[in-house]
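**Q** just need the structure, nothing else, for what follows:
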Amino acid sequence: MLRVLLAAFTSALALAALAPPTVARAADRLSVTLTIHDYPPFIGPQLPYGGLLSRVVSEAFRISDVDVKFVPVSSNRAITGVMMGLYDGGFGWAHAADRDRKLLYSDNSIYTFRMVFFQRRGDDHPWKTLADLAPLQIGTTLGDHYSDEFSALQETSKLHVQVAASDLNNMRKLLVGRIDLFPMEEEAGKLLIQGALTPAEQNLLSCQSVAISAVPTFLVLRRTLPRAQELIERFDRGYRQLLESGRLAKMMEETRKAMLNSPMTFNNSSTAP
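**A** Numbers count the residues shown, from 1 in each chain. Prediction:
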C-alpha cells in the first residue's frame, strides 16, 4: 500500500512539473503606477493610445506580465512626484544628476528627443557653442533638462535664462519678444505651435536646424519602490521583444496615423525630458 501511495505521489509531482505554470504566473503578476502628462505627440491622456511613448511602455510591460495604471498629472509633478515617492515611476525622462540619485532607469532608451531652439521668424541667432548665446534671453520650462552643457551654463549664470511654468507659456513669451530663444523637442514644439496658436501666430515662429542635443529618454522608477529592479528588468525584456520582432516600429507608425485623424487639444502643462 505504501509503495502505491509513493508511486501516486511521485506521478503527481511529475505531472505538476509538466503542467502550464498558470497559477505561478498569476501570483507573480506585478503592477505599476506611472505618471502621464501632456507632451504631444509622445505623451497625453487625450491622445490616441495615450501618445507614442505611452503605448510602447504599456505594451512592453503587458507582455512581461505587468499591469500599468496611468495617473494624469501636471508636467512638473510628473517627475517631481515620482522623486518625492508619490508615484511609482514615469517615462520619457532623461538622465540628470538630481534624478539619478533617486531613480532607477531602464537599460533601453525608449526614444531620443531632438532638442532645438525656437525663435521668431526672421530673427536669426547663429551659434557655434551655447556660450555664444550669452547676450540673449532664453526661456526654459520648470523641471526640464535640455543638455548637460546647457544646465552647466545656466547654473553658472553664463546664460540669461527665464523660467516659465509651461512650454506654451514660453511660446507666447517668444511671440511677444520677452525672450529670444526657447529650447524644445523639435516634433513636440512644432505640434504645439500648430495646435495651440492661431495661423497668424504660427507664421511668426520657426525653429533652428542645428540641434542643441539628442537626448535619450527612459522609463524611470523610484529606487524605494518594492521590486523596482525586477520591474525595470521586465520592462527591458518586453521592450527588446517589441524592437526585435518589428512590432515597435509598426506600433509607432499606427499611433502616428491615428493622431493625424484625431483632433488634439493643448494646455499649459506640456513639458520636455
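**Q** name whatever forms a beta bridge with Phe117.
**A** Beta-bridge pairing for Phe117 (DSSP bridges): Pro183.
**Q** can you tell me which residues contact it?
**A** Listed by C-beta atoms under 8 Å, 6 or more residues apart in numbering, the contact set of Phe117 reads His125, Leu181, Phe182, Pro183, Cys207, Gln208, Ile212. Glycine gets a C-beta too; all of them are placed from N, C-alpha and C.
**Q** what do you get if the cut-off is 6 Å, keeping everything else the same?
**A** Leu181, Pro183, Gln208 (C-beta atoms under 6 Å, 6 or more residues apart in numbering).
**Q** what about the strands in this structure?
**A** Here the chain has its strands, by DSSP state E, at 30-36, 66-72, 89-93, 103-105, 111-120, 137-141, 160-164, 182-185, 205-222.
**Q** any chance of the contacts of Phe117 in CSV, plus neighbour count and distance to Glu59?
**A** Below are these laid out as CSV (neighbours: other C-beta atoms under 10 Å; distance: C-beta to C-beta, whole Å):
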residue, neighbour count, distance to Glu59
Leu181, 23, 37
Pro183, 26, 30
Gln208, 17, 34
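**Q** re earlier: compile the strands of the chain into TSV and extend it with columns for mean pLDDT.
**A** Shown next, in TSV, are those (pLDDT from 0 to 100):
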stretch	mean pLDDT
strand 30-36	97
strand 66-72	97
strand 89-93	96
strand 103-105	98
strand 111-120	96
strand 137-141	96
strand 160-164	96
strand 182-185	96
strand 205-222	95
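**Q** quick one: which of those strands is nearest Leu191?
**A** Taking C-beta to C-beta, strand 182-185 is the member of those nearest to Leu191, at 9.5 Å.
**Q** buried ones in stretch 224-243?
**A** Leu225, Ala228, Leu231, Ile232, Arg234, Phe235, Asp236, Gly238, Tyr239, Leu242 (16 or more other C-beta atoms under 10 Å).
**Q** out of those residues, flag the one nearest to Gly189.
**A** Nearest to Gly189, judged by C-beta to C-beta, of these is Tyr239 at 26.0 Å.
**Q** would you mind measuring from the closest one to Asn108?
**A** 5 Å (C-beta to C-beta, to the nearest Å).
**Q** list residues touching both of the two?
**A** In contact with both Tyr239 and Asn108: no residue, using C-beta under 6 Å, 6+ apart.
**Q** give me the residue at the spatial middle of the protein.
**A** The residue lying closest to the centre of the chain (C-alpha atoms, centre = their mean) is Gly92, at 1.3 Å.
**Q** on that earlier part again, out of the buried residues of stretch 224-243, who's nearest Pro216?
**A** Among the buried residues of stretch 224-243, and counting by C-beta to C-beta, the member closest to Pro216 is Tyr239, at 13.1 Å.
**Q** where does the stretch 1-150 of the chain dip in pLDDT?
**A** Along the stretch 1-150 of the chain, segments meeting pLDDT under 70 span 1-27.
**Q** 80 - rerun?
**A** 1-27, 143 (pLDDT under 80).
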